[in-house]
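Peer 1: output the structure for:
(chains A and B)
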Amino acid sequence: MSNFTSLFNNYNWDAVVTDIYSKTAVDVEIALQNNKRTLEDFKALISPAAKPYLEQMAQISSALTKKRFGNTMQMYAPMYLSNECQNICTYCGFSLTNKIPRRTLTDAEILKEAAFLRSKGYNHILLVTGEANKTVGVDYINNAIKLLKKEFANITIEVQPLDQDEYELLVKNGLYAVLVYQETYHRDEYKKHHPKGKKSNFDYRLETPDRLGKAGIHKIGVGALFGLEDWRADSFFTALHLQYLQKTYWQTKYSISFPRLRPHTGGLEPKVVMEDADLAQLICAYRLLDEDVELSMSTRESEKFRNNIINLGITSISAESKTNPGGYVVEPQSLEQFEISDERSTETIAEMLQSKGFEVVWKDWENAW
Amino acid sequence: MKDNLILADKEFSSRLFTGTGKFSSSTVMKNALLASESELVTVALKRVDVADQDDDILSHLNHSRINLLPNTSGVRTAKEAVFAAQLSREALETNWVKLEIHPDPKYLLPDPIETLKAAEELVKQGFVVMPYIHADPVLCKRLEDVGVQCVMPLGAPIGSNKGLKTVDFLEIIIAQSNVPVIVDAGIGAPSHAAYAMELGADAVLVNTAIAVSQNPIAMANAFRLAVEAGRMAYNAKLAPIKQTAEASSPLTSFLNE
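Peer 2: Numbers count the residues shown, from 1 in each chain, chains lettered A, B, ... in the order given. Purely as a prediction, here's the structure:
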């Protein structure tokens, strides 16, 4: 098999949905008892039938996470480099259709933002852009990585999908990880939400982790944007994708994120609402499926939710995030991608983690190798 | 009688080596390591900021009893491992290195081919090389041939707490080895550590079982005692295991009178 699309095409969305919703309490109990859990167990664990077992799932999830990751929490911060974008995405503040001033950071501005984040203690950074290949293409990203390699131990990007040779170049120059969310694994819904721009090509995006794996990246982050389609089916396909990638690109690490739609300029109302209890259930289900996948939690979520969810399987967390280019010091008023929810300072989050028995990890990589 | 472990140019009175990962805070880590009485403590180079004089982990390990053993966790190839070792020698001023090459991030299993390559090069460059490897007796001999100062075969996948799943191979390694054998990875309980020492391992390395325990300091103490007990039992020679019962006053003894 040369890429995930050929595996993915064997699955039918509606059949997956039916399957998940017909899982019973017995299926859930079997899944809980199993030592090694399968994708069928995962379906049971994310199904409505698992709701009464949430506390039990949380206990197992917490213990498994502790065994693998210890009492630690990795800290990271996003740095938005540009909000220029040629795509139309119905749910995104950077969508081409939003007639707002656009901003792309210069070298000096990037370094200013970097200095601020370093002063806060961050050593793992996530660089984010929209998709504007003329101004924010691979050359721009490559330049940013080279600039920031001296500042940070670990650099991740969340930008437009690139070709394999482009990823190889970035990896060579110090890129550690790439986050690329499919948004939704529902082909027709995907088309509706991405009517224009390079992003409208569903398959090219779906095969991005394959190109990354072939390029020898250290870590790939996958996930779906919750609110576009049934979160259970989208999560099943994310898990399918994860397992395929783990078997195929066995030298790469993986992480999963759980973005729920947040308010933003030109906002879209979620088609499917995912409640807090649903998200907690999903996080535990991922951990029960996979002991070592990294689970990441952003500031999209509320203070209360974050304070509690960190005990349920999360391994990395951001704080004080700005979702606009230059948002930390250069130009705090520029257009943001979405409103964050938990606005507490980095120091407050670090203290909160320590008070709950976590060692706050700032550095867990050497970009020298 | 003194029963110290000699490794390269150092002498250790404790045969319990420890790690620094997964603790809830650097203070807990330090107290647990002191309770363990461990004299060799491994630290992942990727976790410390050598440019920072006040690095939290390193400043907590600054103690006369503790020798630092930098490890190369995170590297995937021999080339990266050699580079990491050079970096750590310069930054941490020690030529000791725990060679860990696990390109597989899921089970963190060591790559035997890259490990042998890197070990050979690092020995040439004057390092004290402590390779983390599978419990593979042939690989252990090959590593010995290139000049490593010890071998560190795994008992079970790292962090799994499963105990000595590789016991049959560990016994062969211990029987054959001319360098100290340190059982690393998989030791989840003091009884596992004692068992390894009873088998004749020269030392064990424990991290997760201490760090993730509800009470890391008490657990460190428990491991210290278990390692001491296991070593003492090994030196005292265990009574042989027999397939049949042997009464202490056989019924037929009168025939020999």
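
Peer 1: got the residues of the stretch 101-250 of chain B near chain A?
Peer 2: B:103-106, B:159, B:161, B:208, B:211-212 (Cβ under 8 Å from any Cβ of the partner chain). Quick note: C-beta positions are derived from backbone N, CA and C, even for glycine.

Peer 1: next up, the contacts around the residue positioned nearest the centre of chain A.
Peer 2: For chain A, the residue nearest the mean C-alpha position is residue A:257 (3.3 Å; Cα atoms, centre = their mean). By Cβ atoms under 8 Å, 6 or more residues apart in numbering or on different chains, the contact set of residue A:257 is A:179, A:181, A:221, A:223, A:296-298.

Peer 1: in three-state terms, label the residue in chain B positioned nearest to chain A for me.
Peer 2: With Cβ to the nearest Cβ, the shortest gap between chain B and chain A falls at residue B:22, namely 2.1 Å. When classified by DSSP: H, G, I helix; E, B strand; the rest coil, residue B:22 comes out as coil.

Peer 1: the residues of the stretch 101-250 of chain B next to chain A into a markdown table, with extra columns for secondary structure, distance to residue A:45 and pLDDT?
Peer 2: Putting these into a markdown table (DSSP: H, G, I helix; E, B strand; the rest coil; distance: Cβ to Cβ, whole Å; pLDDT from 0 to 100) gives the following:
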| residue | secondary structure | distance to residue A:45 | pLDDT |
| --- | --- | --- | --- |
| B:103 | coil | 30 | 88 |
| B:104 | coil | 26 | 88 |
| B:105 | coil | 24 | 85 |
| B:106 | coil | 20 | 86 |
| B:159 | coil | 23 | 79 |
| B:161 | coil | 24 | 86 |
| B:208 | helix | 25 | 91 |
| B:211 | helix | 28 | 92 |
| B:212 | coil | 24 | 90 |
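
Peer 1: out of those, who has the most neighbours?
Peer 2: residue B:211 (26 neighbours; other Cβ atoms under 10 Å in any protein chain shown).

Peer 1: quick check: that one vs residue B:188, distance?
Peer 2: According to Cβ to Cβ, to the nearest Å, residue B:211 and residue B:188 sit 12 Å apart.

Peer 1: so the residue nearest to the residue nearest to the centre of chain A when sequence neighbours are not counted, which state does it fall into?
Peer 2: For residue A:257, ignoring the flanking residues on the chain, the nearest one in space by Cβ to Cβ, 6 or more residues apart in numbering or on different chains is residue A:223 at 4.3 Å. What three-state DSSP gives for residue A:223 is strand.

Peer 1: likewise residue A:77?
Peer 2: strand.

Peer 1: bridging residues for it?
Peer 2: residue A:125 (DSSP bridges).

Peer 1: format the CA atom coordinates belonging to stretch B:51-71 as PDB.
Peer 2: The C-alpha coordinates for stretch B:51-71 follow below in PDB (Å, rounded to 0.1, in the frame of the first residue of the first chain):
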ATOM      1  CA  ALA B  51      23.300  26.600  28.100                       C
ATOM      2  CA  ASP B  52      21.300  27.400  31.200                       C
ATOM      3  CA  GLN B  53      23.500  27.500  34.300                       C
ATOM      4  CA  ASP B  54      20.400  27.200  36.500                       C
ATOM      5  CA  ASP B  55      18.900  24.300  34.600                       C
ATOM      6  CA  ASP B  56      16.300  22.800  37.000                       C
ATOM      7  CA  ILE B  57      17.200  19.100  36.500                       C
ATOM      8  CA  LEU B  58      21.000  19.600  36.600                       C
ATOM      9  CA  SER B  59      21.000  21.900  39.600                       C
ATOM     10  CA  HIS B  60      19.000  19.300  41.500                       C
ATOM     11  CA  LEU B  61      21.500  16.600  40.600                       C
ATOM     12  CA  ASN B  62      24.400  18.600  41.900                       C
ATOM     13  CA  HIS B  63      25.400  16.300  44.800                       C
ATOM     14  CA  SER B  64      28.700  14.700  45.800                       C
ATOM     15  CA  ARG B  65      27.400  11.200  45.700                       C
ATOM     16  CA  ILE B  66      25.700  11.500  42.300                       C
ATOM     17  CA  ASN B  67      27.700  10.800  39.100                       C
ATOM     18  CA  LEU B  68      25.900  11.900  36.000                       C
ATOM     19  CA  LEU B  69      25.400   9.500  33.100                       C
ATOM     20  CA  PRO B  70      24.100  11.400  30.100                       C
ATOM     21  CA  ASN B  71      22.000   9.400  27.700                       C
END
